[in-house]
Each structure stands twice: as structure tokens, then as C-alpha cells.
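> pasted the sequence and its predicted model underneath.
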Amino acid sequence: MPAPADASTLAHLAIDWYDRHARDLPWRSPATTAWGVLVSEVMSQQTPVGRVAPIWLEWMERWPSPADLAAEPVAEAIRAWGRLGYPRRAMRLHACATTLVRDHEGQPPRSVPELLALPGVGAYTARAVAAFAYGQREPVVDTNVRRFVARAAAGRADAGAATTPADLAATVALLPEQPSRAARASAAFMEIGALVCTARAPVCGRCPVAARCRWRASGQALPVGPTRKVQRYAGTDRQVRGLLLAVLRDATGPVTGDQLAPVWSDDVQRDRALTSLLDDGLARQVAPGVYALAGD
DNA sequence: TAGTCGTGGGT
DNA sequence: TACCCAAGACT
């Protein structure tokens, strides 16, 4: 007797695997609010989820709703962000909370266009919230999903440099029709990409879709060209910004230029980095030669 | 659209 | 060691 048509699809195989192997990340609790989902997604942008988990728990304990965060100075958000990296995300999350209170009755909206209009929310995060918080059938396409779909469905070694409409179309084509099940499939694709179908050393022996993977069927050809440009970090303005912001973040109040000087010996580059932090709104000048975290 | 934007762990 | 990579967004 033949199995149901759905039983051998990538989505079905992925969901079945996910139900048995998914990590128990704190925001996957059924009790997590839409706000909690949104916070977890922004924190996870370009940051391994293992490092996000403890910070997310602290944030949700302290600011269980957008109104709770919006009521505090941005500096508190930047401090609580700790060393997650890309601290502008903390600032955007605070701005997002303010927008939610002002325009959306204090809760994340349900539609993708409305979500896209929020600070810090782009193509990935908007659909992640729509799917994981509200159970909608939207293609949630992050780096894991793009790689998994490129390999398993298209037979390519890797996805392109940037997310394209074609990526969304290729992914939505794999989703089950039932919305809640489609959302589960997206979570499963992401998890397989993160744990099994990894960028450098995929563990095909543990992959639930190995038997139906087009990349594997074609001999797992290695990527032809360079995938994504990796940026140098040491010696860049980014590193200097990070060092300066760490001083401001760990200080209880304003600091002087003399206190910032030791973190980087090149005066020109240090000033440039500090100016960019001021321009971004992460820091502010409270007096000539005296600086503080924004909102402090 | 290609560059910018942190930080830490794995290999 | 040096490089790769990580639930992207924004300009």
C-alpha cells in the first residue's frame, strides 16, 4: 500500500526529524509571546542562537512587553544587549518597541508589510514573526534555509550571495498548505541547516532528507566560486567602535576622552569611530570631551 | 548593490 | 595562526 503523497516530501521528512531532534531553545516554548519571538529573531541576526538564549531570557524577564522596553532609556537596552554584537540592533529594538506602542496597540502586527515597516525588521525577521508567532504560511528564508533549499531541492552546493525573490519562491513551493504545518516546516528547515546541512561540513549521514537530496544525488559537487565575501575585522573601524562602546557600556556614567584613549592608539581612527557612534545614536556627547551611552 | 556593522567559537 | 561562519538590516 503506497504511502500518502505527502509522506515523502522534504517538508514531511524535515518536520518528522524536527519533532525528535529540535533544540529546546527558550523562545520555542508555546507560552512565548509575539514580542518574545520578535526579540529572539532580532537578537539572532548574525549571532549564534546559543549565545542569544541567556540574553533573551534576561530581556523577557525585564521587559515582557514592548511597553516595558519603550518606557526605559535606550541606554538600558544597549547595556542589556551585552556582547551580542551589532549593538545598533538593540537601538532598533527599542525604537521598534516605541513604534509598537504608538502605532500597533503595543503588540507586533500580523501582516508581513506592517512587520517590514518596523525598525530592525527585514525580509527574514518579518516572515519569521508571521510564521512562528502567528502561524502563517510565509517563506522564512535565512542563511540556513537558503543553503538547505539550494542543496536539497536545487542540487546546488550553496545559495547565492544575497536573498532573492527566487529564494522565497523556491522555499514557499516546499511548504505544506496548512499554515501551522508550513510554519513548522520552516523551523525544521532552519534547524536542519543549522545542525546537519552546515556550510562547511554537512553531516549527510544524519540528514532526514539525504535519500531525496538532489545535491547528494549529484555527487555533492563542491562550490565553484567564492560564496560570500568575508570581511576582515582586525584593525577596522568596527573593532574600534566595539572597543569604545564597551567602555561606555561598562561605565556607570559619562566618560572623558582620556578614558577612551587607551582602547586605540591611533587618534585619527579612534576619533572617526567615536564620531560614527555619535552619528548612529549609540553614543552622545554630554559636554566637550565627555561622552555617554545614548540616553544615559 | 556592494559595504558597513560586533563578537566569539570552531577548524 | 588565520580564516570561516553565524536565525540580516540598512544605505
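In hand now; what should we look at?

> verify the stated contact: A:Ala157 with A:Trp215.
Yes - the criterion here is Cβ atoms under 8 Å, and A:Ala157 meets it with A:Trp215 at 6.6 Å. No exception for glycine: its C-beta is placed from N, CA and C like everyone else's.

> find residues that contact each of those two.
A:Ala150, A:Arg151, A:Ala221 (Cβ atoms under 8 Å, 6 or more residues apart in numbering).

> please give the element, helix or strand, for the first one.
Translated: A:Ala150. helix A:143-152 (DSSP states H and E).

> list the contacts of that helix.
By Cβ under 8 Å, 6+ apart, the surrounding residues in contact with helix A:143-152 are A:10, A:141, A:156-160, A:163, A:167, A:170-171, A:174, A:186, A:189-194, A:197, A:199, A:202, A:209, A:212-216.

> of those, which are in range of DNA strand C?
Of the residues in the contacts of helix A:143-152, proximity to DNA strand C by Cβ under 7 Å from any atom of the strand holds for A:Met190, A:Glu191, A:Gly193, A:Ala194, A:Ala199.

> looking at A:Tyr222 now. What's its pLDDT?
Quick fix: residue A:222 is Leu, not Tyr. pLDDT for A:Leu222: 69.

> with A:Thr163 instead?
Per-residue pLDDT puts A:Thr163 at 88.

> count of neighbours near the residue nearest to it when sequence neighbours are not counted?
Spatial nearest neighbour of A:Thr163, excluding adjacent residues (Cβ to Cβ, 6 or more residues apart in numbering): A:Val141 at 5.7 Å. By other Cβ atoms under 10 Å, the residues close to A:Val141 number 25.

> need the residues of the stretch 101-250 of chain A near DNA strand C, please.
A:119-126, A:128, A:142-144, A:147, A:190-191, A:193-194, A:198-200, A:227-228, A:230, A:233.

> picking that back up, pretty sure the residue nearest to A:Thr163 sits against A:Leu174.
No - with contact defined as Cβ under 8 Å, A:Val141 does not count as touching A:Leu174 (10.9 Å).

> I'd assumed A:Ile192 was in contact with A:Cys207.
Yes - with contact defined as Cβ under 8 Å, A:Cys207 reaches A:Ile192; the gap is 6.8 Å.

> buried ones in the helix or strand hosting A:Leu243?
A:Leu243 belongs to helix A:237-250 when assigned by DSSP H and E. Buried positions in helix A:237-250, judged by neighbour count with 16 or more other Cβ atoms under 10 Å: A:Arg238, A:Gln239, A:Val240, A:Arg241, A:Gly242, A:Leu244, A:Leu245, A:Val247, A:Leu248, A:Arg249.

> hmm, it in reach of DNA strand B?
Yes - counting by Cβ under 7 Å from any atom of the strand, DNA strand B has neighbours in helix A:237-250: A:Asp237, A:Arg238, A:Gln239, A:Arg241, A:Gly242, A:Leu243, A:Leu245, A:Ala246.
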